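1. Structure for this input, please:
(one chain, ligands or ions: 4)
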Amino acid sequence: MSLLIKLISASVSVANKAGSIIREIMRKGDLNIVDKGINDLQTEADRRAQRLIVSSLTKIFPKITIIGEEQLDANEASSDSLVTSFDNSVLTVKCPQEYVDIKDEDVVVWVDPLDGTSEYTQGLLDHVTVLIGVAVKGEAVAGVIHQPYYNYKLETDASKLGRTIWGMNGVGAFGINRKQPPEGKRIITTTRSHSSKAINDSIKAMNPDQVIEVGGAGHKVLLVIEGEAHAYIFPSPGCKKWDTCAPEALLRSIGGKLTDVFGNSYKYDSTVKHANDLGVLATYSAAVHDWYCNAIPEEVKINLLHKSNM
Ligand SMILES: Nc1ncnc2c1ncn2[C@@H]1O[C@H](COP(=O)(O)O)[C@@H](OP(=O)(O)O)[C@H]1O
Ligand SMILES: [Mg+2]
Ligand SMILES: [Mg+2]
Ligand SMILES: [Mg+2]
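-> Ligands and ions are numbered 1, 2, ... in the order given. Prediction:
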């Protein structure tokens, strides 16, 4: 069994339990919110989900570097029992030849225990995802996106609540049906809680038919994959490597693309800067990516570049 398939399989299992914790904390209603900066919230769910994910994956893969969004006291153990099981459906997949021989030290796992925290605290629950991204030699190769409240408005059947999607370069994506967005239209999805003038100016320059403002990098990439939007536009600083690693890998596995505003892929090795200073641009197909890239005003791009060098 290849290391990568085992790692994705374990990530799917632990992401599912992290989702249960996120639902449990919301049900009990004690979110214990702190602001880490300006409009940068953290709840008990972010903390508990990250402890579970990092401790569980570390137990199985002690030599792999794992980087999580939340800065937590390393001495504080997970209060939840660890997940050391493997998701069987992933284990049946054949690892592409190019990844068969990768070593622990080639791998970095990027964990966003709860993406869309702002929306979580406001009760916009289907914006929330758990993101586990796997980078190999600096490249986003596989991603797990768990959406704990998928179907929560439609379903009364608890067994249908939530879904887990995963994808790997050279293998494809599972748990989601890719759909082409409507032809002859331009639908853009973007942030609802971290907007800026640069974002608004860029969207205006794209002359869209519709703009969907929702929370979460993971959630917006799912909208792009399911054909609800043509592109996810965020020409602003604020997103970090744990926001984009899993979404980038998942998108790539189905022929889409996630880059900075210049069209360059981000790197995900353990020494990279965590901030995605040059913004995020994601599209459903690599063929349309350049159009969106070129439509972002030059002034917006230059400003991002200047700020990133400061
Ligand atoms: N200005 C900013 N400050 C802090 N985090 C930001 C940010 N802009 C974007 N992000 C983070 O990027 C992710 C996607 O943002 P958005 O939902 O606004 O599109 C969120 O992840 P988290 O919810 O995991 O923190 C969000 O916090
Ligand atoms: Mg956060
Ligand atoms: Mg996030
Ligand atoms: Mg988060």
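2. what about the closest residue to ligand 1 within the chain, neighbour count?
-> Here the residue of the chain nearest ligand 1 is Gly238; by CB to the nearest ligand atom that distance is 2.3 Å. Every C-beta, even on glycine, is put in place using the N, C-alpha and C of the backbone. Neighbourhood size, Gly238 [other CB atoms under 10 Å]: 18.
3. which residues does it contact?
-> 191, 194, 275-276 (CB atoms under 8 Å, 6 or more residues apart in numbering).
4. which residue packs closest to Met1, ignoring adjacent ones?
-> Leu91 (7.0 Å; CB to CB, 6 or more residues apart in numbering).
5. Confirm for me that that neighbour is in contact with Ala10.
-> No. If you go by CB atoms under 8 Å, Leu91 and Ala10 don't touch, sitting 9.9 Å apart.
6. Neighbour count for the two, which is higher?
-> Using other CB under 10 Å as the criterion, Leu91 and Ala10 rank with Ala10 on top: 26 against 14.
7. would you say the more buried one is within a helix?
-> Yes. Secondary structure of Ala10 (DSSP: H, G, I helix; E, B strand; the rest coil): part of a helix.
8. Phi first, then psi, for whichever residue of the chain sits closest to ligand 3.
-> When distances are taken as CB to the ion, the chain reaches nearest to ligand 3 at Asp115, 3.5 Å away. When quoted as degrees, to the nearest 10, the phi and psi of Asp115 stand at phi -100, psi 130.
9. Also Thr190?
-> According to degrees, to the nearest 10, Thr190 has phi -150, psi -180.
10. Give me the domain ranges for this protein.
-> Here the domain assignment for the chain is 3-174, 187-308, based on automatic domain parsing.
11. contacts for stretch 145-164?
-> By CB under 8 Å, 6+ apart, stretch 145-164 touches 12, 15-16, 18-20, 22-23, 125-126, 128-131, 144, 165-166, 175-176, 218-219, 221-222, 246-247, 250.
12. Would you mind checking those residues for buried ones?
-> 12, 15-16, 18-19, 22-23, 125-126, 128-131, 144, 165-166, 175-176, 218-219, 221-222, 246-247, 250 (16 or more other CB atoms under 10 Å).
13. what's the residue of the chain closest to ligand 3 in contact with, if anything?
-> Asp115 touches 128-131, 216-219, 243, counting by CB under 8 Å, 6+ apart.
14. For these, give me TSV that also has secondary structure, distance to Asn32 and pLDDT.
-> Listed next are those as TSV, based on DSSP: H, G, I helix; E, B strand; the rest coil; distance: CB to CB, whole Å; pLDDT from 0 to 100:
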residue	secondary structure	distance to Asn32	pLDDT
Val128	coil	16	98
Thr129	strand	21	99
Val130	strand	19	99
Leu131	strand	22	99
Gly216	coil	20	98
Ala217	helix	24	98
Gly218	helix	23	99
His219	helix	23	98
Asp243	helix	22	98
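15. show me which of those neighbour ligand 3.
-> Within the set of those, contact with ligand 3 (CB under 5 Å from the ion) is found for Asp243.
16. rewinding a little: tell me which residues touch the residue nearest to Met1, please.
-> So Leu91 contacts 1, 5-6, 9 (CB under 8 Å, 6+ apart).
17. Tell me the confidence at it?
-> For Leu91, the model assigns a pLDDT of 98.
18. And for Lys307?
-> On the pLDDT scale, Lys307 is placed at 94.
19. count of residues packed around it?
-> When counting by other CB under 10 Å, one arrives at 13 neighbours for Lys307.
20. Next: Asp46.
-> 27.
21. the strands in the stretch 101-250 of the chain, which residues?
-> 107-115, 129-136, 139-147, 163-168, 172-174, 187-190, 210-213, 231-234 (DSSP state E, counting those that start in this stretch).
22. Name every strand pairing with the fourth one and say which way it goes.
-> So that's strand 163-168. strand 139-147 (antiparallel), strand 172-174 (antiparallel) (DSSP bridges).
23. what do you get for the last one?
-> Sheet pairing of strand 231-234 (DSSP bridges) gives strand 187-190 (parallel), strand 280-283 (antiparallel).
24. mind listing what Thr189 touches?
-> 211-214, 220, 223-224, 228-229, 231-233.
25. Distance to ligand 1 and neighbour count for the residues you listed - can I get that in a markdown table?
-> What follows is the contacts of Thr189, written out as a markdown table (distance: CB to the nearest ligand atom, whole Å; neighbours: other CB atoms under 10 Å):
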| residue | distance to ligand 1 | neighbour count |
| --- | --- | --- |
| Val211 | 13 | 16 |
| Ile212 | 11 | 15 |
| Glu213 | 9 | 14 |
| Val214 | 7 | 21 |
| Lys220 | 6 | 32 |
| Leu223 | 11 | 21 |
| Val224 | 13 | 27 |
| Glu228 | 15 | 18 |
| Ala229 | 13 | 28 |
| Ala231 | 13 | 28 |
| Tyr232 | 8 | 28 |
| Ile233 | 10 | 27 |
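26. Good, wrapping up.
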